[in-house]
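Visitor: Sequence and computational prediction follow.
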Amino acid sequence: MAGRVDIVQGVLPPGWPEAARVLTVAFGVGLIWLSRSLARRRRRAWQLAVAVVVASAVAHLAKGLDFEEAAISLLLLVALVHWRSRFDVPGDPASVRPLRGLGAALAAIAAVAGGAEIRGIELSPRTGDALLGLAVVFGSLALYFWLRPFGHAVAQTVAERRMARTLVDAYGTDSLSFFALRRDKSYLFSPSRRAFLAYRVVAGTALVSGDPVGDVAEIDDLLAELRRLARASGWRFAVVGASDAHLERYRALGLKPVSIGEEAVLDPREFTLEGRAIRKVRQSVSRLRKAGYSFRVVAADEVTPALGPSSRPSRPRGGVASRSGASPWRSTTSTSPAPCSPSPKTPRAGPVASSISPLRWPDAAGR
């Protein structure tokens, strides 16, 4: 071993073997850091890993002719080249422009440092530290942009929104279906356009907002298309606020359901004030009736001037309430649904936390 070190020290300039030892450690840490991106099949991570493995093999030879360690690096290189077709996730095209600028900045720093070394000019400690700091910052940014996952900007066309609204009106029986119409989501339609889902990409994960909406016969093909899109883009995907109606389909995709709570399902047709469980509500209704209040639901376009803003109290509570007598409050109006009683709860599942959603307000047609 000592003979190998002597050979290297006799060939390479002073200090190079010591620097090679530091580089071998840095390259090993770099490969561990790249393993996450390699597991996600990113093409740019594979390219960088090939360069790091080759440099690691050279560094092992430079630090003392360590043929054994260099052979291990070469075996890893052979494995990377053999399975190169599996790393098929492209990089983000939007990162090309900042990468060019960062590359030019790093080249300028290298030119300044290299020119000073060639001409024998000794840079001041402050200048040297500044160049090193800039090189570290620019290099870190370059690695970030190089390995950044494929992005996706939210985009909705007028035709897509019209089609999504039509499907929600026709098939939107779930309480979260209406919120698929938010403008901060993208749409994915089935081939026949009889079903769709709304999603948004956050930190490399396509988050689906609720269950797909549409013809049940189209759901399987729609979810298969989502999996294909996520795989081609290198995304993970999850369903937020999934109901138990499609849990088997989600399991078939490899998703694991996680219970995050239950959603109370209220059916106005089954509302009743009878029973011990609802006695407090019954008592409140009795007090209001004795006070002269009444309740009815009206559509927004049926609100009369008597129910307008001038007669609305400072803290409206919902429904249309009126009181007989000489009270200064004539009435109050809102378009909230009629009171109803709870029926069995619908469990919600999903790999990420859900949020409490407000009720859908009826539109002008009373829907």
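Guide: Nice, thanks for sending it over. Numbers count the residues shown, from 1 in each chain.
Visitor: in what helix or strand does W33 lie?
Guide: Per DSSP states H and E: W33 is located in helix 16-39.
Visitor: Which residue lies nearest the spatial centre of this protein?
Guide: Most central in the chain under Cα atoms, centre = their mean is V202, positioned 2.3 Å from the mean C-alpha point.
Visitor: low pLDDT regions in the chain?
Guide: 1-17, 64-65, 150-151, 307-367 (pLDDT under 70).
Visitor: Check whether L247 sits in a helix, strand or coil.
Guide: When classified by DSSP: H, G, I helix; E, B strand; the rest coil, L247 comes out as helix.
Visitor: nearest spatial neighbour of it, skipping sequence neighbours?
Guide: Nearest non-adjacent residue to L247, counting by Cβ to Cβ, 6 or more residues apart in numbering: P257, 5.4 Å away. C-beta coordinates here come from the backbone N, C-alpha and C atoms, glycine included.
Visitor: Please work out how many residues are found near the one you found.
Guide: Neighbour count for P257, taken as other Cβ atoms under 10 Å: 18.
Visitor: what about V240, neighbour count?
Guide: Neighbour tally, V240, other Cβ under 10 Å: 19.
Visitor: coming back round to it: the residue nearest to L247: what secondary structure?
Guide: Assignment for P257 (three-state DSSP): coil.
Visitor: picking up where we left off before, so for the helix holding W33, what gets flagged as buried?
Guide: 17, 20-21, 23-24, 27, 30-31, 34, 37-38 (16 or more other Cβ atoms under 10 Å).
Visitor: Quick one: distance of that helix to the chain centre.
Guide: 30 Å (Cα atoms, centre = their mean, to the nearest Å).
Visitor: Using CSV, write out every CA atom in that helix.
Guide: Taking C-alpha atoms only, helix 16-39 is exported to CSV below (Å, rounded to 0.1, in the frame of the first residue of the first chain):
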residue,chain,number,x,y,z
TRP,A,16,-3.5,16.2,-5.1
PRO,A,17,-3.7,12.8,-3.3
GLU,A,18,-5.1,14.5,-0.2
ALA,A,19,-7.7,16.4,-2.2
ALA,A,20,-8.6,13.1,-3.9
ARG,A,21,-9.4,11.5,-0.5
VAL,A,22,-11.8,14.3,0.3
LEU,A,23,-13.4,14.1,-3.1
THR,A,24,-14.1,10.3,-2.8
VAL,A,25,-16.0,11.0,0.4
ALA,A,26,-17.9,13.9,-1.3
PHE,A,27,-18.8,11.7,-4.3
GLY,A,28,-20.1,9.0,-2.0
VAL,A,29,-22.3,11.4,-0.2
GLY,A,30,-23.4,12.8,-3.5
LEU,A,31,-24.5,9.3,-4.7
ILE,A,32,-26.5,8.8,-1.6
TRP,A,33,-28.2,12.1,-2.1
LEU,A,34,-28.9,11.2,-5.8
SER,A,35,-30.5,7.9,-4.8
ARG,A,36,-33.9,9.5,-4.1
SER,A,37,-34.1,11.0,-7.6
LEU,A,38,-32.8,7.8,-9.2
ALA,A,39,-35.6,5.9,-7.4
